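**Student:** I would like the atomic coordinates for the input below:
(one chain, ligands or ions: 2)
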Amino acid sequence: MNIILLGAPGAGKGTQASKIKQKYNLLHISTGDIFRANIKGGTEIGKLAKSYIDAGVLVPDEVTCDIVKDRLTWDDVKQGYMLDGFPRNLFQAKELDKFAKIDLCLNIEVDESLLMDRICGRRVCACGESYHINTLNGSTTCAKCGKELYQRADDNPETVKSRLDTYNTQTAPLIDYYKSQGKLVSVTSGEGSPDDVFAEICKILG
Ligand code: ADP
Ligand code: ZN
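**Tutor:** Numbering: from 1, shown residues only. Ligands and ions are numbered 1, 2, ... in the order given. Okay, the predicted model is just below:
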């Protein structure tokens, strides 16, 4: 099974992806993670992507599509995968249809008013876990692996404003795109706890 995780920044795509991965053994492919790994490694792609990411706008389609297209040629995708953060506009969605077979698009619904606080209060771990300062009770380390938590460079109010804007104008139209393909399933508990959201997703995935 190949699925797309759709939702605004801060909707909880990454959090759910890590739960889905554990239970359903699907590969988690996150374009944001791929870009951040490239920035950390100082690669050409990383150098190019950084200015766009810092500004909260999309990295050019050609670069992004090539990365995903290449990733989907690896052998491990046969086990089924989740795309997180891709596609992010109609062009990418149409490209994806040329090189992948998507079964389902899960749209995690969260009211926009909650997103700024969710993202700016987010602390992440190198292992992939993420937390919110409201539930960390002052802890600065990962409950899963013990490493020090940090804040993503683009999780600041100014960049988040731009990311939300980018989402509304470019990504939200994908809801109708996948609806018209009969692949869209709404996850309506997106404002609930991560476990509530995951329970709904499990019902959908069976
Ligand atoms: P979030 O969903 O919380 O905004 P991501 O980690 O998915 O975080 O993305 C971070 C940034 O990486 C985006 O703001 C964008 O600049 C870049 N990016 C990620 N995926 C794509 C994509 N499919 N196309 C273009 N840029 C992307
Ligand atoms: Zn960790």
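**Student:** For the worst-scoring helix or strand of the chain on mean pLDDT, name the packing helices and strands.
**Tutor:** Ranked by mean pLDDT, DSSP states H and E, the weakest helix or strand in the chain is strand 130-132, scoring a mean of 93. Taking 3 or more CB pairs under 8 Å, 6 or more residues apart in numbering; DSSP states H and E as contact, the helices and strands that strand 130-132 lies on are strand 122-124. C-betas here are computed from N, CA, C, even on glycine.
**Student:** Please give me every residue in contact with the residue of the chain found nearest ligand 1.
**Tutor:** Residue of the chain nearest ligand 1, by CB to the nearest ligand atom: Gly32 (1.8 Å). Residues near Gly32 by CB atoms under 8 Å, 6 or more residues apart in numbering: Asp84, Gly85.
**Student:** Distance check, it against Gln170.
**Tutor:** Separation of Gly32 from Gln170 (CB to CB, to the nearest Å): 15 Å.
**Student:** Repeat that for Cys105.
**Tutor:** 16 Å.
**Student:** Which stretches in the chain count as strands?
**Tutor:** 3-6, 27-30, 81-84, 104-108, 122-124, 130-132, 184-187 (DSSP state E).
**Student:** right, so those strands: which one is the most enclosed?
**Tutor:** Among these, strand 3-6 has the highest mean neighbour count (mean count of other CB atoms under 10 Å), at a mean of 26.
**Student:** Each with direction, which strands does that one pair with?
**Tutor:** strand 81-84 (parallel), strand 104-108 (parallel) (DSSP bridges).
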